[in-house]
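In: generate coordinates for the sequence data below:
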Amino acid sequence: MNAPALRSAHTSSSGNVWQRVRTDPAYSAFLLMRIGFTVLPIWMGVDKFVGGLTDWPQYLAPWTVELLPFSAQTAMYVVGVIEIVAGLAVAIKPRYAAYVVAIWLAGIILNLLTWSGFYDVALRDFGLLLAALTLARLAAVYDPAWFGTSSGGGAR
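Out: Okay, the predicted model is just below:
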């Protein structure tokens, strides 16, 4: 994409969003991933408090629980808050937050790989990590930087 096209990608009005979704496959992929990585972490984070989907503490490796100064359930509450914040951050600024989500997923994968019986979940989360990195790369095109290098570096 050339510089004028990139500028128009950053400044398009919301009225043009659906036109762009129909005509730019990369933009529609960016938008789908942004929505997914906003909604799903928030949903999973809220469920850490509700427990409707599963018994979350079972996914903590025993060595992790031994390191904690509090219960596994309390750890899941902390995880829930982090996931909610991560989802909100992706909604606000996917260009940066997608990398945070990828690092978070790497930590989850490490925990799961050290606890027998959850290798399938670790593999799924590896796929999500790759998707988060893909969102970050797409956001480099479609989500303007907070501090521009070509326009003197002011906040956008």
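
In: list the buried residues of the helix or strand where Ile35 lies.
Out: Assessed by DSSP states H and E, Ile35 sits inside helix 25-50. Residues of helix 25-50 classed as buried: 27, 30-31, 33-34, 36-38, 41-42, 44-45, 47-48 (neighbour count, 16 or more other Cβ atoms under 10 Å). The way it works is simple: take the backbone N, C-alpha and C, and place the C-beta from them, glycine included.

In: quick one: which of these is nearest to Tyr99?
Out: Phe37 (11.4 Å; Cβ to Cβ).

In: ok now do the closest one, which residues does it touch?
Out: Neighbour list for Phe37: Gly87, Val90, Pro94, Ala98, Val101, Ala131, Ala132, Leu135 [criterion: Cβ atoms under 8 Å, 6 or more residues apart in numbering].

In: mind checking the SS state of the closest residue to Asp47 other than its chain neighbours?
Out: Spatial nearest neighbour of Asp47, chain neighbours left out: Leu53 (4.9 Å); criterion: Cβ to Cβ, 6 or more residues apart in numbering. Of the three states, Leu53 takes coil under DSSP: H, G, I helix; E, B strand; the rest coil.

In: state the pLDDT value of Leu53.
Out: Note on Leu53: pLDDT of 93.

In: any idea how far Tyr96 is from it?
Out: Separation of Leu53 from Tyr96 (Cβ to Cβ, to the nearest Å): 28 Å.

In: over to Trp43?
Out: The spacing between Trp43 and Tyr96, counted by Cβ to Cβ, is 22 Å.

In: so where's this protein uncertain?
Out: 1-15, 148-156 (pLDDT under 70).

In: if we use 80, what do you get?
Out: 1-15, 17, 147-156 (pLDDT under 80).

In: now for Trp56: which residues touch it?
Out: Asp47, Lys48, Gln73, Met76, Val79.

In: I'd like the next helix or strand past the host helix or strand of the third one.
Out: It refers to Gln73. Gln73 is part of helix 72-92, with elements assigned from DSSP H and E. Downstream of helix 72-92, the next assigned helix or strand under DSSP H and E is helix 94-113.

In: residues contacting the helix or strand following that next one, please?
Out: Note on helix 94-113: by DSSP H and E, the next helix or strand toward the C-terminus is helix 119-142. For helix 119-142, contacts defined as Cβ under 8 Å, 6+ apart pick out 1, 6, 9-10, 26-27, 29-30, 33-34, 36-37, 59, 90, 94-95, 98-99, 101-102, 105-106, 108-109, 112-113.
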